[in-house]
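Participant: Give me coordinates for this.
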Amino acid sequence: MVKDFAAHEGSALRSLAGLAAGLATIAALLVGAVLAVFAAATVTVIALMTSAILAFAAMAARARRTVRARRRRTESDIIEARHLGGHHWVATGWSERG
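Facilitator: Predicted structure coming up:
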């Protein structure tokens with residue numbers, strides 16, 4: 001009976017159903033827009049954090065190369081030690097480092 005009543009043109013239930021459908025559509029659009037903004041913000045934050053991590057990794061690699069370059073040994077860096085017996089050793093060449 002309600003179905004027959006709603007099927008007539010110009011009935012109040014049909015108008016209310018159309019209004020409810022329009023409001024539901026607007027609500028769905030708003031929720032979708034909020035979710036899209038949230039997803040975009042999340043992707044942006046992840047990209048910024050990834051950039052920071054890559055920058056720190058690059059700085060660490062550069063610092064490591066610098067330390068390794070300074071630590072390369074040459075003939076003048078080698079110290080000599082002589083064993084005098086027991087627990088006694090004498091080292092030479094260590095005071096000449098630059």
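Participant: Give the helix, strand or coil label for Leu84.
Facilitator: Classification of Leu84 by DSSP: H, G, I helix; E, B strand; the rest coil places it in strand.
Participant: For the closest residue to it other than its chain neighbours, what is the enclosing helix or strand?
Facilitator: Leaving aside its sequence neighbours, Leu84 sits nearest to Val90 (CB to CB, 6 or more residues apart in numbering; 6.0 Å). Where C-beta positions appear, they are placed from N, C-alpha and C, glycine not excepted. Following DSSP states H and E, one finds Val90 within strand 88-92.
Participant: and that strand, how far from the chain's centre?
Facilitator: 53 Å (CA atoms, centre = their mean, to the nearest Å).
Participant: Stretch 79-87 too?
Facilitator: Remark: stretch 79-87 is offset 54 Å from the chain centroid, using CA atoms, centre = their mean.
Participant: Alpha carbons of it, as CSV, please.
Facilitator: Presented in CSV, the C-alpha positions along stretch 79-87 are these (Å, rounded to 0.1, in the frame of the first residue of the first chain):
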residue,chain,number,x,y,z
ILE,A,79,105.2,3.4,15.0
GLU,A,80,107.8,0.9,16.0
ALA,A,81,108.0,-1.0,19.2
ARG,A,82,110.8,-3.0,20.7
HIS,A,83,110.4,-5.7,23.4
LEU,A,84,112.8,-5.2,26.2
GLY,A,85,111.8,-8.3,28.1
GLY,A,86,109.0,-9.2,30.4
HIS,A,87,106.2,-6.7,30.2
